[in-house]
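S.K.: this is a predicted model, with the sequence first.
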Amino acid sequence: TDGVLSKVMREQCADEKPDQKWLLLDGPVDTLWIESMNTVLDDNKMLTLINGERIAMPPQVSLLFEVMDLSVASPATVS
């Protein structure tokens, strides 16, 4: 079963229109959750789901994190 993020990422990343797409993620940074986002935040720009599916993030898709604080985030995550 898909979660909200995987469903939206799959839909937006499959859309081949050249329009810029922004996904806004608003909420606290959980260490387990944000560490699982490493593959999409690094140069690979690939979301790897727990079932092994990989969703490539094209240049026209961007993520914006709106967080209250980064107290539980590692320095690697912040950079």
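M.R.: Perfect, thanks for sending it.

S.K.: what sits against P18?
M.R.: Q60 (CB atoms under 8 Å, 6 or more residues apart in numbering). Where C-beta positions appear, they are placed from N, C-alpha and C, glycine not excepted.

S.K.: now name the helix or strand holding it.
M.R.: Using DSSP states H and E, P18 is not contained in any helix or strand.

S.K.: pull the longest helix from this protein.
M.R.: helix 4-14 (DSSP state H).

S.K.: packing partners for that helix?
M.R.: strand 21-26, strand 54-56, strand 61-66 (3 or more CB pairs under 8 Å, 6 or more residues apart in numbering; DSSP states H and E).

S.K.: would you turn these into CSV with distance to T77 and mean pLDDT?
M.R.: Converted to CSV, the helices and strands packed on helix 4-14 look like this (distance: least, CB to CB, whole Å; pLDDT from 0 to 100):
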stretch, distance to T77, mean pLDDT
strand 21-26, 13, 93
strand 54-56, 20, 94
strand 61-66, 10, 91
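
S.K.: tell me which of these lies nearest to W33.
M.R.: strand 21-26 (9.6 Å; CB to CB).

S.K.: related to what we said a few turns ago, list the buried residues for the longest helix of the chain?
M.R.: L5, S6, M9, Q12, C13 (16 or more other CB atoms under 10 Å).

S.K.: and which of these is nearest S62?
M.R.: Of those, the one sitting nearest to S62 (CB to CB) turns out to be Q12, at 9.9 Å.

S.K.: what sits closest to the closest one if chain neighbours are left out?
M.R.: Once flanking residues are discounted, Q12 sits nearest to K21: 4.9 Å by CB to CB, 6 or more residues apart in numbering.

S.K.: quick check: pLDDT value at M37.
M.R.: We have a pLDDT of 82 for M37.
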